[in-house]
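>>> just a sequence and a predicted model for now, questions to come.
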Amino acid sequence: DKDMNSPESQQTFVAMINQENTRLSGLVETVLKTAILDKGQMKLKKEEVNLLGIIEQVKSNFSLKIKQLGGDIIIASDLANMKFEGDEQHLTNVFQNLIDNAIKYTSEIPQIKISAFKTVKDFVIKVNDNGIGISKENLNRVFEKLYRIPTGDLHNVKGFGLGLNYVKSIVELHGGTITVKSTKGKGSTFIISLPIENK
């Protein structure tokens, strides 16, 4: 048994405390955002942003975590940029949430693929993972407030399921839609469509 006072043990405890603090502050933030959304008082600070740049930034935010897990986040797009009128902070949170979930809800080494392309009217971003997947009966409930996907043996998933409800609200406030396709045990794909002319 390791000595509880050894530097290694103490380092582990410090890491655990830090992780928990990050989670709790994130949770408080989400609760506040959801409260704001409930009252319909959400004001978007719209400016010209590059969606591709936001996705790249979020990828780099997770680079250490992904590296530790031996996984990978791949961005596939043949667009140079995706200029869009939107709220940078909230859009960043959308992709943070989706990637965070993709990492949390996997029992494998996480492999996440983000595809971004353009149709006539929309920017489409797909976030695909190799996670535990979502069963048919849970699929249409994932965007409900306080709903959490039952994870079976995956005990490392914490939080109260506010993330996807917030994500959906932000996407819709930008005039877009979000849908999900999934097969239990085979992973999930979240598909976001945002109108290019978003004035």
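Thanks, I have it. Numbers count the residues shown, from 1 in each chain.

>>> and the gap between residue 118 and residue 62?
Remark: distance between residue 118 and residue 62 (C-beta to C-beta, to the nearest Å) = 25 Å. In short, each C-beta sits where N, CA and C put it, glycine included.

>>> which one of those two has more residues nearby?
Neighbour count, other C-beta atoms under 10 Å: between residue 118 and residue 62, residue 62 has more, with 20 against 13.

>>> where does this protein have its least confident helix or strand?
The helix or strand of the chain with the poorest confidence is helix 7-38; it has a mean of 68 (mean pLDDT, DSSP states H and E).

>>> can you pull the contacts of the closest residue to residue 190 other than its chain neighbours?
Excluding the flanking residues, the one nearest residue 190 by C-beta to C-beta, 6 or more residues apart in numbering is residue 127, at 4.6 Å. Neighbouring residues of residue 127 by C-beta atoms under 8 Å, 6 or more residues apart in numbering: 95, 98-99, 102, 112-114, 189-190, 192.

>>> now residue 183
residue 133.

>>> bridging residues for it?
Counting by DSSP bridges, residue 183 is bridged to residue 187.

>>> again with residue 48
Assigned bridge partners for residue 48, using DSSP bridges, are residue 85.

>>> that one and residue 54, how far apart?
12 Å.

>>> mind checking which of the two has more residues around it?
Between residue 48 and residue 54, residue 54 has the larger neighbour count (other C-beta under 10 Å), namely 22 against 9.

>>> who touches that one in this structure?
88, 91-92, 95.

>>> give me the local confidence score for it.
Residue 54 is assigned a pLDDT of 95 by the prediction.

>>> residue boundaries of the strands in the chain?
Taking DSSP state E to define them, one finds strands in the chain at 47-50, 72-77, 83-86, 111-118, 122-128, 177-183, 187-195.

>>> of all these, which one is nearest residue 167?
strand 177-183 (6.5 Å; C-beta to C-beta).

>>> quick revisit: name the nearest of the contacts of residue 54 relative to residue 74.
residue 95 (14.2 Å).

>>> wait, doesn't the closest one sit right on residue 52?
No: contact between residue 95 and residue 52 fails when scored by C-beta atoms under 8 Å: they sit 10.9 Å apart.

>>> out of these two, which sits in the busier spot?
residue 95 (24 against 20).

>>> if you drop the residues flanking it in sequence, what lies closest to the more buried one?
With C-beta to C-beta, 6+ apart as the criterion, residue 95 has its nearest non-adjacent residue at 4.3 Å, and that residue is residue 58.
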